[in-house]
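# Return a 3D structure for these sequence lines:
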Amino acid sequence: MADLLHQRWIRREARGGSFRAHHNHLYDYPPTTYYVSHLMTCIITALKDRFHVGNEVAMATLLIRAGMSDHLVVGDLLAPGAGPRLASRRPAISQLVADAHVAAARPVLADHARAAGIPYVIDPDTPFLQSSVDPEDRWVKLPFAQAEAMTPQNLRLDELIESVIEFELDQGATVIIPPYFYASSPADPWFHLTVRSIQRTVGYLQEARIQLPLSPVLCAQLQSFSAQTAWDVGLDRFAAAVLDAGASSMAICLSPAGAGTDGYGKVMRLFQAAGRTKEHGLTVLAWRQGIYGPALVAAGLDGYECGLGTGEQTDIARRQFSRKPQTDGKHASGSGGAGIFIETLGRSVPRRVGKVLLGDVGMRPKVMCDDEGCCPSVAATIDNSRHHAVRTRARTLTELAAQPHRRWRLNHIARHASAAATLAAQANRVLATEGTNQQIQSRNLDALAQVVRHLANEQPGSRIA
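Okay, the predicted model is just below:
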C-alpha cells in the first residue's frame, strides 16, 4: 500500500510540476496572501456553482455506448452516490447509448437511464442495411433489419422510418435518431437519403404527436466530406436540414478516424470539418470517437461518444465488414472485448498490453490510475476496467471544463498528446522486452499535438470556437 501511495504521489507531483510551470505567477505572493486568495477563490467558485452564474465553460456531454455485457456496470455507474470523486452532482455518464440489438436484448438499460434521469439514445445502426449481414447476427432479428444488402433505389424510406422510430420508442428511447446511412461523398445517393430521412422523420413525429428531441447522425467518409470545396453541399447541407427540422443537436461520425497511423493532414481535416458543423450554432457531438473526443471538446464540440473501453475509433466500413457472412461459416473478428483505459496514453489498450504495463515496476507509476476513489489498487483498474474507463473520461471532461479559455484547453490537450507519444515509445520498449508482439502506434498523437497547437494560435471563432 505504501508503495502504491508513493507511485500516486509521483503522478500527482508530475501533474503539479506541469501546473506550476505554466502558472508561476501563483507562487509569486507571500504564503499568507496566497492562501487567503485561494480561500476566497474557492468560496466564489462554490457560490457560482450554487447559483449557476459567471462565465464558466459548460460541462461537455459524455455519451457512453453500452455493450451486450455492460448492463451491470452501467447500473453501478448510474447508481445514486456512484463516483463521489467527481466534483459534480451529475452522473459520470451524461447520456446512455445502446446499439439497437443491445437495447432489445437488455431492456434494463432503459431502466438505468430513467432512474438516473439521463437521456437514453438507441442507435438503429442502419448503415448495416447497405451491406450483407450474417443471417444469424442479432441485428438481423430487428423489425427493420434484413440480411441482404439494399440499394438506394429499393429502399422504402417511409416504411423504414416508421419501423425504426416505433422500435426506438418501444425500447424506451428519450432521444430519436432517424435512419441514417454511410455516405462516400456529398453526391452519394445514400447521403441524399439521409437528408430526406431527417425531413420525413419530422413529419412522422408531428403526425404521431411524438414530443421527443431529434438528434440526426451524419455518417460519412472523412476524406470527401472534409474537403473545404464540398462543405456547402455536404456539411452545410446536412446542418441546414437539422435546423429546418427544428432539432438543436446532431452527431458527426466521420470515418475512418482515430487510428494510431493517422497523420497531421487527416487529423486537421477532422477538426476543420467538426468546426464547420459547429458554426451553424447546433449542439454537435462526436459519434464513436473516443480517441479524439476530448480534443474535439477542447476545440469546441459539445461532447463525444464511445464505449466502455471499446468503440474508440471511427471505422464504419470495418463495422460493416464485421457483420458480413463469412465463407468459412465463422463470424468476422470483432473488437476483441473491452480494453484497459490508460489516461496518460489517452486510449484503451488490449487487456494483455495493459496488464504488462501495469505489472512493470518502472512503467506502473506512469500508467496507473492516480484517483484512489476510482481505483484503490492496480488490481482494481484491471478487474473493474470498464468502471475505470468511464470515471476517468468523465474526470477528464471535468478538468477541461475547469479551464476558462479555449486556448488553455487546447494547450492542455497538446501537452497531454506530446507526453502520450513519448510514453508510448517507452511502453513499446517494455512490451518488446516482455515478448509482447502488440505495439502502441503513436503517429496520431504527434499529429494531434500539432493540430491543437495550431488551433490554439488561431483567432477565436476562426474554426471551432
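
# Now the residue nearest to the spatial centre of the chain: closest residue in space, sequence neighbours ignored.
Nearest to the geometric centre of the chain sits residue 305, at 3.0 Å (C-alpha atoms, centre = their mean). Among residues not flanking residue 305 along the chain, residue 63 sits closest, at 3.6 Å (C-beta to C-beta, 6 or more residues apart in numbering). (Glycine included, C-beta is placed from N, CA and C.)

# Can you classify the one you found by secondary structure?
strand (DSSP: H, G, I helix; E, B strand; the rest coil).

# circling back to that earlier point, which residues does the residue nearest to the centre of the chain contact?
63-65, 95, 97, 251, 285-289, 293, 311 (C-beta atoms under 8 Å, 6 or more residues apart in numbering).

# circling back: what's the local residue count around the residue nearest to residue 305?
Using other C-beta atoms under 10 Å, residue 63 has 22 other residues around it.

# cool, and residue 114?
Quick note: residue 114 (other C-beta under 10 Å) scores 14 neighbours.

# for the protein, longest helix please?
Taking DSSP state H as the assignment, the helix of the chain that covers the most residues is helix 406-433.

# in whatever helix or strand comes next after that one, what counts as buried?
Next in sequence after helix 406-433, counting helices and strands by DSSP states H and E, comes helix 443-456. Residues of helix 443-456 classed as buried: 443-453, 455-456 (neighbour count, 16 or more other C-beta atoms under 10 Å).

# Would you mind giving these as JSON lines with pLDDT and distance to residue 265 added?
Listed next are the buried residues of helix 443-456 as JSON lines, based on pLDDT from 0 to 100; distance: C-beta to C-beta, whole Å:
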{"residue": "443", "pLDDT": "98", "distance to residue 265": "12"}
{"residue": "444", "pLDDT": "98", "distance to residue 265": "12"}
{"residue": "445", "pLDDT": "98", "distance to residue 265": "15"}
{"residue": "446", "pLDDT": "98", "distance to residue 265": "13"}
{"residue": "447", "pLDDT": "98", "distance to residue 265": "8"}
{"residue": "448", "pLDDT": "98", "distance to residue 265": "12"}
{"residue": "449", "pLDDT": "98", "distance to residue 265": "15"}
{"residue": "450", "pLDDT": "98", "distance to residue 265": "10"}
{"residue": "451", "pLDDT": "98", "distance to residue 265": "10"}
{"residue": "452", "pLDDT": "98", "distance to residue 265": "15"}
{"residue": "453", "pLDDT": "98", "distance to residue 265": "15"}
{"residue": "455", "pLDDT": "97", "distance to residue 265": "15"}
{"residue": "456", "pLDDT": "96", "distance to residue 265": "18"}
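
# From the residues you listed, pick the one nearest residue 230.
residue 451 (20.3 Å; C-beta to C-beta).

# what residues are up against the closest one?
264, 267-268, 271, 295.

# How about residue 353?
Neighbours of residue 353 in contact, by C-beta under 8 Å, 6+ apart: 339-340, 427, 431, 436, 438, 440.

# re earlier: can you pick the most crowded of the contacts of residue 451?
Most surrounded of the contacts of residue 451: other C-beta under 10 Å gives residue 295, at 30 neighbours.

# Pull the contacting residues for the closest residue to it other than its chain neighbours.
Nearest non-adjacent residue to residue 295, counting by C-beta to C-beta, 6+ apart: residue 413, 4.7 Å away. Residues near residue 413 by C-beta under 8 Å, 6+ apart: 294-295, 298, 448-449, 452.

# quick revisit: parallel or antiparallel, list what pairs with the helix or strand containing the residue nearest to the centre of the chain.
Under the criterion of DSSP H and E, residue 305 resides in strand 303-307. Within its sheet, and counting by DSSP bridges, strand 303-307 is paired with strand 61-66 (parallel), strand 283-286 (parallel).
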